[in-house]
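Visitor: give the three-dimensional model of this entry:
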Amino acid sequence: MTAAILLFTVISLVMLTNMREQRIATQISTTVTSIYEDRLVVAQYILQLSKKIEGVITVLEREDNEITTRVHDYLVQIATLNDLYEKTFLTEIEKNNFEAFKQLCQDISKNNKTGNHDATLLAAREAGDTLQILSLIQVEEGKNQLDEVLNMTSFSNILSYLELAILIVIAVIIQVLVFASKTMMGAKKPTHENLN
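Guide: Numbers count the residues shown, from 1 in each chain. Reported below is the predicted structural model:
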């Protein structure tokens, strides 16, 4: 009877371990996917946006005759990237900085249309600074998500070692019970002594 209870415990422990491992694997998959989609891809968007803003700044600093048209062309490309960026998951601080960046892009557009190139240049430089902040946020959030994955795996490893130890203890107890039952059976065997 005791061996049956221990065997049931082993089977239950294996089933619970399997269920927990599946849940952890799903969480890790979700987190790693988020690291790619919401951090690495967004970092690429920020890099492209930075290049476009640098292009705007370069055009404004050169002061040629086609400033307004060239700045507008960059702003069209920036708007496309902003739409892609906005579809990703944004943390609250990231959302606030991204909204500030979009507002600066609107200021660049408005000042560009009115021909106020000094104000356009100032807004473009501020937009570049905001992109730097967004880039730092990506690094920090990516690190936080990586730490989350590492914590999940280390916790899983600790539990696996604990389960292994429990299984070894249960196996030893089962062996002791088996040997004890054989010894008792040997002791209970009636001896066939001849009474005659």
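Visitor: summarise which helices and strands the helix or strand where residue 172 lies is packed against.
Guide: Take DSSP states H and E as the rule and residue 172 turns out to sit in helix 117-188. Here helix 117-188 touches helix 2-34, helix 41-62, helix 92-114, going by 3 or more C-beta pairs under 8 Å, 6 or more residues apart in numbering; DSSP states H and E. (C-beta placed from N, C-alpha, C; glycine too.)
Visitor: if you set the cut-off to 10 Å instead, what comes out?
Guide: helix 2-34, helix 41-62, helix 67-86, helix 92-114 (3 or more C-beta pairs under 10 Å, 6 or more residues apart in numbering; DSSP states H and E).
Visitor: now those helices in CSV, with mean pLDDT?
Guide: CSV is the format used below for the helices and strands packed on helix 117-188 (pLDDT from 0 to 100):
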stretch, mean pLDDT
helix 2-34, 80
helix 41-62, 93
helix 67-86, 94
helix 92-114, 95
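Visitor: to residue 149, which of those helices lies closest?
Guide: For the helices and strands packed on helix 117-188, proximity to residue 149 was assessed by C-beta to C-beta; helix 2-34 is nearest, at 5.1 Å.
Visitor: could you pull out the buried residues of that closest one?
Guide: If you call a residue buried by 16 or more other C-beta atoms under 10 Å, then helix 2-34 has these buried ones: 6, 17, 24, 28, 31, 34.
Visitor: what do you get for stretch 122-136?
Guide: The neighbour-count check on stretch 122-136 (16+ other C-beta under 10 Å) flags 122-124, 126-128, 130-131, 133-135 as buried.
Visitor: tell me the spacing between the most centrally placed residue in the chain and residue 147.
Guide: The centre of the chain sits closest to residue 31, judged by C-alpha atoms, centre = their mean, with a distance of 3.0 Å. In this structure, residue 31 and residue 147 are 10 Å apart, going by C-beta to C-beta, to the nearest Å.
Visitor: now do residue 168
Guide: On the measure of C-beta to C-beta, residue 168 and residue 147 end up 32 Å apart.
Visitor: picking that back up, quick check, nearest of the buried residues of helix 2-34 to residue 176?
Guide: Once C-beta to C-beta is applied, the member of the buried residues of helix 2-34 that ends up nearest residue 176 is residue 6, at 10.4 Å.
Visitor: and the closest one, what does it touch?
Guide: When contacts are counted by C-beta atoms under 10 Å, 6 or more residues apart in numbering, residue 6 touches 169-171, 173-174, 177.
Visitor: narrow those to those that are buried.
Guide: residue 170.
Visitor: with distance to residue 90 and pLDDT added, can I get the contacts of residue 6 in a markdown table?
Guide: Formatted as a markdown table, the contacts of residue 6 follow (distance: C-beta to C-beta, whole Å; pLDDT from 0 to 100):
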| residue | distance to residue 90 | pLDDT |
| --- | --- | --- |
| 169 | 49 | 82 |
| 170 | 49 | 79 |
| 171 | 51 | 78 |
| 173 | 54 | 80 |
| 174 | 55 | 77 |
| 177 | 59 | 77 |
